[in-house]
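Enquirer: the following block contains a protein sequence and its predicted model.
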Amino acid sequence: MKRNKINIAVIGVGYLGKFHLEKFLSHKNCITKWIVDNNLKNENLDIAENIAITDDYKDILNDIDAVSIVTPTVSHYEIAKYFLSNKKHVLIEKPMTQTVSQAEKLLLLAKKNKVILQAGHLERFNPVMKKLSQDVKNPVFIEVHRLAKFNPRSTDVNVIFDLMIHDIDIVTSLIKNKIKKISAFGKKIITNSTDIANVRIEFIGGAVANLTASRISQKNERKVRIFQRDKYYSVDFMNSSIKRYNKTLKSKNGLFNFKEFTYEKADSLKDEINNFILSCIGKDKPLVDGEQGLNAVKTATTISKLL
């Protein structure tokens, strides 16, 4: 018999974890039972009225059905392994793990214990991505630019695991063929790991993707162009807009006419958490499951080794 509610704990209530907590607190199908944070004086805990708080995640095991892990990447594996081993559902913020072997072990644990393992690739819940997933059928070339202002909060990993992993996930969800070859170039500018990188991914079948990511920009930008036979798409993830250009001989503007789709900015995190909760109670399936999280880590690792 399927349950309509589950008991949840949020592990890590920093900048992003605070938003996770807010979404879980407002969801009708879950009860937020515990918060885990290594700083019990964290001011973000102020919104957690009548919720138990601890700095040791092992305290909560018998009270919860699922956890959301929003801690630094270095701790993802050990925390997730503990809960998956004890048959609890797990949502992990991207990147899922530091290494491929860690991600593989988590996936095996989730399958063995028949629990949900979901990777927090937020862009997949952006309304423009939902439209692209329906509309794009056979892309031959994808160009991605992801620029961000410097934020010292995310420097525990390089720019590939920090930012570009979003675009790796996007590209590999649109191009279904396996990767044939990767070329990568990157430089350390401010931190001790790569801060800016350009990557070319070639796929079996001939499709190509060029990805650029920088975390030392003067502006934030998330733009994608997707080309397929007889049409292309110009996508702005930040402004939730898509311009679709179709080949035609009747256009007054040359070979292409275009149609623009603009969407109201959605709450992608709310949608991601809703997908996780409904998956836990058997009413949905993860949009980005552990297998896809593993694949993103594999590609990010291959790229990082080339830098």
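Expert: Perfect, I can see it now.
Enquirer: going by C-alpha atoms from here, please, whenever you check contacts or count neighbours.
Expert: Fine.
Enquirer: got the contact list for stretch 198-218?
Expert: 139-151, 159-160, 163-164, 167, 171, 175, 177-186, 190, 195-197, 303 (CA atoms under 8 Å, 6 or more residues apart in numbering).
Enquirer: quickly run through the sheet partners of the helix or strand of the chain with the lowest mean pLDDT, with directions.
Expert: Counting by mean pLDDT, DSSP states H and E, the weakest-scoring helix or strand in the chain turns out to be strand 256-262, with a mean of 75. In the sheet containing strand 256-262, its partner strands are strand 241-247 (antiparallel), by DSSP bridges.
Enquirer: so, low pLDDT: which residues of the stretch 201-307 of the chain?
Expert: 248-256 (pLDDT under 70).
Enquirer: ok, which stretches of it are helices?
Expert: Listed in chain order, the helices of the stretch 201-307 of the chain (DSSP state H, counting those that start in this stretch) span 268-280, 290-306.
Enquirer: put the alpha carbons of the shortest one into CSV.
Expert: Put plainly, it is helix 268-280. Taking Å, rounded to 0.1, in the frame of the first residue of the first chain, the C-alpha atoms of helix 268-280 are listed here in CSV:
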residue,chain,number,x,y,z
SER,A,268,12.6,24.8,-10.4
LEU,A,269,13.7,23.8,-7.0
LYS,A,270,10.1,23.4,-5.9
ASP,A,271,9.5,21.2,-8.9
GLU,A,272,12.6,19.2,-8.3
ILE,A,273,11.6,18.5,-4.6
ASN,A,274,8.1,17.8,-5.6
ASN,A,275,9.4,15.2,-8.1
PHE,A,276,11.5,13.6,-5.4
ILE,A,277,8.7,13.4,-2.8
LEU,A,278,6.2,12.0,-5.3
SER,A,279,8.9,9.4,-6.4
CYS,A,280,9.4,8.4,-2.8
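Enquirer: and that helix, what does it pack against?
Expert: Other elements packing on helix 268-280 under the criterion 3 or more CA pairs under 8 Å, 6 or more residues apart in numbering; DSSP states H and E are helix 15-25.
Enquirer: for the stretch 1-150 of the chain, give me the ranges with low pLDDT.
Expert: Those would be 1-2, if you go by pLDDT under 70 across the stretch 1-150 of the chain.
Enquirer: quick check: residue 107 touching residue 292?
Expert: No. Counting by CA atoms under 8 Å, residue 107 stays clear of residue 292, with 10.1 Å between them.
Enquirer: ok, those two, which is more surrounded?
Expert: Taking other CA atoms under 10 Å, residue 107 and residue 292 do not tie; residue 107 has more neighbours (22 against 18).
Enquirer: how about the secondary structure of that one?
Expert: Secondary structure for residue 107, judged by DSSP: H, G, I helix; E, B strand; the rest coil, is helix.
Enquirer: ok, residue 198 next?
Expert: Under three-state DSSP, residue 198 comes out as strand.
Enquirer: residues in contact with the most centrally placed residue in the chain?
Expert: Most central in the chain under CA atoms, centre = their mean is residue 121, positioned 1.1 Å from the mean C-alpha point. Contact analysis of residue 121 by CA under 8 Å, 6+ apart lists 93-94, 166, 169, 288.
Enquirer: recalculate using a threshold of 10 Å.
Expert: Contact analysis of residue 121 by CA atoms under 10 Å, 6 or more residues apart in numbering lists 92-96, 165-167, 169-170, 268-269, 272, 287-289, 292-293, 296.
Enquirer: got it, and residue 181?
Expert: Residue 181 makes contacts with 200-204, 208, as judged by CA under 10 Å, 6+ apart.
Enquirer: switch the cut-off to 8 Å
Expert: So residue 181 contacts 201-203 (CA under 8 Å, 6+ apart).
Enquirer: turn the residues you listed into a markdown table, columns for neighbour count.
Expert: Putting these into a markdown table (neighbours: other CA atoms under 10 Å) gives the following:
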| residue | neighbour count |
| --- | --- |
| 201 | 22 |
| 202 | 20 |
| 203 | 19 |
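Enquirer: filter those residues down to the ones in strands?
Expert: In this view, the contacts of residue 181 that belong to strands under DSSP state E are 201-203.
Enquirer: and the strands in the stretch 51-200 of the chain?
Expert: Applying DSSP state E, counting those that start in this stretch to the stretch 51-200 of the chain gives strands spanning 52-54, 66-69, 89-93, 117-120, 139-149, 179-187, 196-203.
Enquirer: deepest in the core, which of these is it.
Expert: Among the strands of the stretch 51-200 of the chain, strand 117-120 has the highest mean neighbour count (mean count of other CA atoms under 10 Å), at a mean of 28.
Enquirer: residues in contact with that one?
Expert: With contacts defined as CA under 8 Å, 6+ apart, strand 117-120 is touched by 89-96, 107, 110, 272, 276, 286, 288-290, 292-293.
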